[in-house]
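> Just need the structure, nothing else, for what follows:
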Amino acid sequence: MRLRTLLLIAAAVLAALHVAGVLFARPVLPTAELLLTAALLVCAVLPWPPAGWHLPVATAALVIEAALTMPSPPSDAGYAWVVVDPSKIDRSAVWRAQLEGFAPVWAALFFVAVLLLAARRSSAGRRGFGARRSSDARRGRLASPDGSAGRRRGTLIAAIAGATLIAAYATVRVAEVVLDVHERAATRADSFDPTSMGLTAAWSVLPALLLGLAALTLAASTSRRPPPASDQPPASVRDRRLVACGAALLAISCLPWIDTGLEAAQLPYLAGDDTALFDHWAITPTMAMPQPVLAITTALQLTAYVLVVWGARTWQGAGGRP
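Presented below is the predicted three-dimensional model:
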């Protein structure tokens, strides 16, 4: 069995261990995510030297994020009420905690952005991933006896529909925050400014929104079947679809991150919570499983990374060298 296959199998096992630790809020193996991303990085650079830079660079960002967010050893102190004095809160610690919480989103966004850049570079006429078709093919002048043109249109329509749903959900969530704050401002003097709260909410959902749109763009650009005249082997087409599936999973994972961003924004009096569909309480936490939504989100992201690295093995270089 090839080394890359063994590493991908190990990455899948480590992903399961990490998701289990997130679900039960008690890490089974604290270094599971770090080892997983390191295994993916080794897959990205094999065979050495790598034919292209984009996949190793994109995967290196995941390794850095995993190292920065490695969970602390579990505590045996149990549960207890804690009284917090607002005057003694370290605001810099709050900002650091929020930035650390959004590290998975920024790392995923960088991961997708680098792959999109590679797709754009490879579309400049070189064979392989994202190879450009002729001008006649782009204008629909070449016949598609296998129906590939219709499938490409279907892929584009699905991507546009998904992007519309993600953008609409983010817009509704931000609008609900503004309306709630405005309604309270009309009845009470101790309210907040609706405009500033709206800007705070919009900034909070922006990383997840960008991740969803970029991931759908990557999925659409990789899932399209090459033109009939293409010389891409069937394995390359199959691997492109693996990348597309991984990108689609990343797009789905952005929905819980939209609600997580609004929760981290510390909005007043639960503003906008009525329209939350994917927040922490979408699946009721229990003492046994305190983080079910976060565990599902983590599983989607890690599965997406494994699929993308697995599928990208045949278009390592910008020139699409298998």
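> can we go C-alpha only for contacts and neighbour counts from here?
Fine.
> Could you list the low-confidence segments of the stretch 51-200 of the chain?
Counting by pLDDT under 70, the stretch 51-200 of the chain contains low-confidence ranges at 51, 73-101, 122-151, 186, 188-191.
> Pull up the distance across stretch 35-55, start to finish.
End-to-end distance of stretch 35-55: 17 Å, with Cα to Cα, to the nearest Å as the criterion.
> And the contacts of that stretch?
Residues outside stretch 35-55 that contact it (Cα atoms under 8 Å, 6 or more residues apart in numbering): 4, 7-8, 10-12, 14-15, 56, 59-60, 62-63, 66, 114-115, 118, 306, 309, 312-313, 316-318, 321.
> Just the buried ones from these?
Buried members of the contacts of stretch 35-55, counted by 16 or more other Cα atoms under 10 Å: 4, 7-8, 10-12, 14-15, 56, 59-60, 62-63, 66, 114-115, 118, 306, 309, 312-313, 316-318.
> where's the residue nearest the centre of the chain, which helix or strand?
Note on the chain: the residue nearest the mean C-alpha position is residue 250, at 3.8 Å, using Cα atoms, centre = their mean. Using DSSP states H and E, residue 250 falls within helix 234-264.
> What are the buried residues along whatever helix or strand residue 201 lives in?
Following DSSP H and E, one finds residue 201 within helix 194-223. Neighbour-count burial for helix 194-223, counted by 16+ other Cα under 10 Å, picks out 194, 197-198, 200-202, 204-223.
> ok, now which ones touch the residue nearest to the centre of the chain?
Counted by Cα under 8 Å, 6+ apart, residue 250 has contacts 108, 211, 212, 215, 300, 301, 304.
> check which helix or strand covers the fifth one.
Assigned by DSSP H and E, residue 300 belongs to helix 292-311.
> same deal with the first one?
Secondary structure assigned from DSSP H and E places residue 108 in helix 103-122.
> what packs against that helix?
Counting contacts by 3 or more Cα pairs under 8 Å, 6 or more residues apart in numbering; DSSP states H and E, helix 103-122 is packed against helix 54-68, helix 194-223, helix 234-264.
> Pipe those helices into TSV and attach distance to residue 160 per row.
Below are the helices and strands packed on helix 103-122 laid out as TSV (distance: least, Cα to Cα, whole Å):
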stretch	distance to residue 160
helix 54-68	25
helix 194-223	8
helix 234-264	12
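> Quick one: closest of those helices to residue 159.
Distance to residue 159, taken as Cα to Cα, is lowest for helix 194-223 among the helices and strands packed on helix 103-122, at 5.7 Å.
> sorry, back to before: now the helix holding residue 250 and helix 103-122, what's the angle there?
Interaxial angle, helix 234-264 versus helix 103-122 (axes from the mean of the first three to the mean of the last three Cα atoms, to 10 degrees): 140 degrees.
> Can you give me the buried ones in helix 234-264?
By neighbour count on 16+ other Cα under 10 Å, the buried set for helix 234-264 is 236-237, 239-264.
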